[in-house]
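Novice: pasting the sequence and the predicted coordinates here, then a few questions.
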Amino acid sequence: MAPNPRVLKAFSAMNKLGIATERVRPVLKKLLLLYDENWELIEEGNYRALADAIFDDADDKLTSEKNGDPEPPSEKPHERWSKLTSSKDNGIKNLELEADKIPQSSNRTRLLNVHRAPVQNEGKYSVQFVLSPVEKISSTQGASDVQYTNRVSRDPGLGFPKRETIRDCNFDNVSNTSKKQRINCSPQFSLPASNVGPGSVETFLLRDKTKKNEGSGSAHDYSTIFQTIHDIASSTCGRVIVSLKCHRTLLQQNFHISNFDDVLKFMETKYPRSDNCFGPQFSLVKYLKKLCEGYVEFGAILADKSLSCNLPYHDIRQTSAPKRDDLRIDYPSTNMDKKVVNYSGSSDSVALVVAQRQPMNKINGKRVACSRISDITNGTEKVTISLLHEIGGEDLPKFNYIPENIIYQSAYVHISLARIADEDCCSSCTGDCLSSSVPCACARDTRGEFAYTPKGLLTEEFLRSCISMKLKPQEHYQFFCQDCPLERAKNAYSPEKCKGHLEKKFIKECWRKCGCNMKCGNRVVQRGITRKLQVFVTNKSKGWGLRTLEKLPKGAFVCEYAGEVLTNMELYERNNSSTGKYRHTYPVLLDSDWCSEKILNDEDALCLDATYYGNVSRFINHRCFDSNLLEVPVQVETPDRHYYHIAFFTKREVNAYEELTWDYGIDFEDYNHPIKAFQCSCGSEYCRDNGKKIVTSTF
Ligand SMILES: C[S@@+](CC[C@H](N)C(=O)[O-])C[C@H]1O[C@@H](n2cnc3c(N)ncnc32)[C@H](O)[C@@H]1O
């Protein structure tokens, strides 16, 4: 059967990004399944979704590595995507060799210009490689050059095979014209670093920035150019000098390159041996591009270190080897202005760094460049959770990441061992309560059956009854408060009668006073997030959303809704004082105790608000009825239902890259609700916001 031309086009687009067809194929297959063979979605924005998916796939491997999976990590391509897609013409052609820029020089001198995409000041931003016999370089040294010659002792590592000879260079990114001008990669050409073992000589040149480049005949103002020249390889024809030139005008103000050895070490960390960059796919051009990128990135890291920012960048100059993750560059390095969101003193919270955006880079009216925060949790969760940010797109969210609920001020949450009665725990249990023949006291609330299976999933029965309760509340028992805090919030002077609250099905997990261990199957939510998740920009005007990067089985715990614990009174005050985009859009009422005998004051009724302090669940968007997540109340450390946790579980199997959604329970016809809602664009065929009017919402 003839290959599908759309598949071939997709391969070719990814090949241009330097991604091999073998890597593209499995991801493309998954995406086609995910998008119901909708090619338009895949082709949109120069195969942006496909590139994202490949990058995420690579990240999965990194995450597995972090989680103890021995599979070797692949390269970290997000930064590359960011750079590659910032080209002005087609978004995937950034670091191309430009044949027309190759100067006509003597047949002993060849010059490769590897251009980074101009971001704003077109043409000024470039990194060049000059591959040249030594004589030529020497003759171009201007009077203002300062020359350092030092003996270097370098690990011949960088993942390069020692003294390996390249027989065939793959110039897959080179245009036809430049192909004609191939570097002679005949067998005698040695790879960079292959002969730069201990004791070899490195020539390291820096332009004297106090003088102009007299005599060179160049139109460049060298005071704005960083140039380092490195003798890094030789062949029987002579030595090969690589000159790295970096125009400073578009680099971060305090960008600097210290020492080429450091750049090489950085490259080694970024592309370790296990990446096998010299496998059959090896391309000299790609390698040179990577080195250029590394050169600029490394300078940016050093510059970043001089800014006071909270991103977990590792100090490259530390003696111990940095971890791969720490070296990730999340933002393009040019014209960056970073600031840290203020946070008010809680030691449990971590400020999310907010970076002002790079100058807009539109391609045919479409924004394409994107960057990435590698871990929005700043290490507070057991897994990393990345955020994919389209430059020029959605504003970065400003909030402080907290992995668990935190009391704002007046909320009364009484946690004490003394409050946990003997019948509310299983002190005589040992090991795993799920393996015991008789369910322990902690299963009492779920009618003597645990809600979890030994695999840590919700049982079919528990899930079914929760879903049914959500879809058909009228068929389940509801209680009516005498003086409903919700109605009071709508109209404090003459509140309407309570509309009823469902008596929710709770899970009670074992806890500290129980005799079982942390691996007990009745402890799921308290163990925190274990799934691979990512925050991304949705394409349906919903703003940010959350998606899973792995396939999730039905009944899987995803995350809990963590935020500030507020009294209803505090929430009203917040809502009244907030305006515009800082309006509070994330409250969840903890209303399961509202059926208690006593009238609940607004000072006692609790809710969770993730607007300022929250976890990843603050990104989960609403979907009417057929959302894939379900919220379940879970008791962990308190025996009553005044305070409890809201945990999200999957209602069905969820595919990798699928957005995670839950039904906020918005009544789109409740026009009096104090919280203004959004126009629903959930896309569900059961969408309740039929009129798409601006109405009020409740959670
Ligand atoms: C809990 S947040 C979800 C994350 C949010 N999208 C963001 O960018 O931060 C709830 C807000 O997301 C938006 N949102 C969620 N679901 C939506 C939907 N189905 N249609 C339109 N907007 C939605 C609304 O602005 C809502 O107030």
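Specialist: Alright, I've got the coordinates.

Novice: so the protein: which segments form each domain?
Specialist: 1-74, 99-305, 406-487+500-662 (automatic domain parsing).

Novice: ranking those domains by mean pLDDT, which is last?
Specialist: Across those, domain 99-305 has the smallest mean pLDDT, namely a mean of 42.

Novice: tell me who's in contact with residue 680.
Specialist: Residues near residue 680 by Cβ atoms under 8 Å, 6 or more residues apart in numbering: 622, 624, 666, 668, 687, 688, 689, 692. (C-beta placed from N, C-alpha, C; glycine too.)

Novice: check the secondary structure at the residue nearest to the first one when sequence neighbours are not counted for me.
Specialist: With sequence-adjacent residues excluded and distances taken as Cβ to Cβ, 6 or more residues apart in numbering, residue 622 is closest to residue 664, at 4.3 Å. Following DSSP: H, G, I helix; E, B strand; the rest coil, residue 664 is assigned to coil.

Novice: check what pLDDT residue 664 gets.
Specialist: For residue 664, pLDDT reads 93.

Novice: wait, isn't it in contact with residue 620?
Specialist: No - using Cβ atoms under 8 Å, residue 664 is not in contact with residue 620; the gap is 9.2 Å.

Novice: so which of the two has more stuff around it?
Specialist: Using other Cβ atoms under 10 Å as the criterion, residue 664 and residue 620 rank with residue 620 on top: 27 against 23.

Novice: contacting residues for that one?
Specialist: Going by Cβ under 8 Å, 6+ apart, residue 620 touches 545, 546, 629, 648, 660, 661, 662.

Novice: send the alpha carbons of the helix or strand containing the fifth one over as PDB?
Specialist: In this assignment (DSSP states H and E), residue 660 forms part of strand 659-662. Extracted as PDB, the C-alpha positions of strand 659-662 are listed here (Å, rounded to 0.1, in the frame of the first residue of the first chain):
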ATOM      1  CA  GLU A 659      -7.400  17.000  29.000                       C
ATOM      2  CA  LEU A 660      -8.600  16.200  32.500                       C
ATOM      3  CA  THR A 661     -12.000  17.800  33.300                       C
ATOM      4  CA  TRP A 662     -14.500  17.700  36.100                       C
END
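
Novice: can you pull the phi/psi pair for residue 461?
Specialist: Main-chain dihedrals, residue 461, degrees, to the nearest 10: phi -70, psi -50.

Novice: need the longest helix for the chain.
Specialist: helix 39-66 (DSSP state H).

Novice: phi, psi of the residue in the chain positioned nearest to the ligand?
Specialist: The chain approaches the ligand most closely through residue 543 (2.6 Å), counting by Cβ to the nearest ligand atom. Backbone torsions for residue 543, taken as degrees, to the nearest 10, come to phi 80, psi -140.

Novice: residues near it, how many?
Specialist: Neighbour count for residue 543, taken as other Cβ under 10 Å: 15.

Novice: nearest residue to it other than its sequence neighbours?
Specialist: Take residue 543 and drop its neighbours on the chain: the residue closest to it by Cβ to Cβ, 6+ apart is residue 394, 5.9 Å away.

Novice: show residues contacting the host helix or strand of residue 609.
Specialist: In this structure, residue 609 sits in strand 606-614 according to DSSP H and E. Contact with strand 606-614 is made by 346, 349, 399-402, 405-406, 408, 411, 413, 561-568, 571, 574, 582, 584-590, 617-618, 642-643, 646, as judged by Cβ under 8 Å, 6+ apart.

Novice: just the ones in strands from the residues you listed, please.
Specialist: Under the assignment DSSP state E, the contacts of strand 606-614 contribute 400-401, 406, 563-567, 587-590, 646 to strands.

Novice: hang on, isn't residue 423 packed against residue 441?
Specialist: Yes - using Cβ under 8 Å, residue 423 is in contact with residue 441, at 5.7 Å.

Novice: between those two, who's got more neighbours?
Specialist: residue 441 (20 against 9).

Novice: distance check, the spatially closest residue to residue 412 that is not a sequence neighbour against residue 633.
Specialist: Take residue 412 and drop its neighbours on the chain: the residue closest to it by Cβ to Cβ, 6+ apart is residue 604, 7.0 Å away. Distance, residue 604 to residue 633, using Cβ to Cβ, to the nearest Å: 18 Å.
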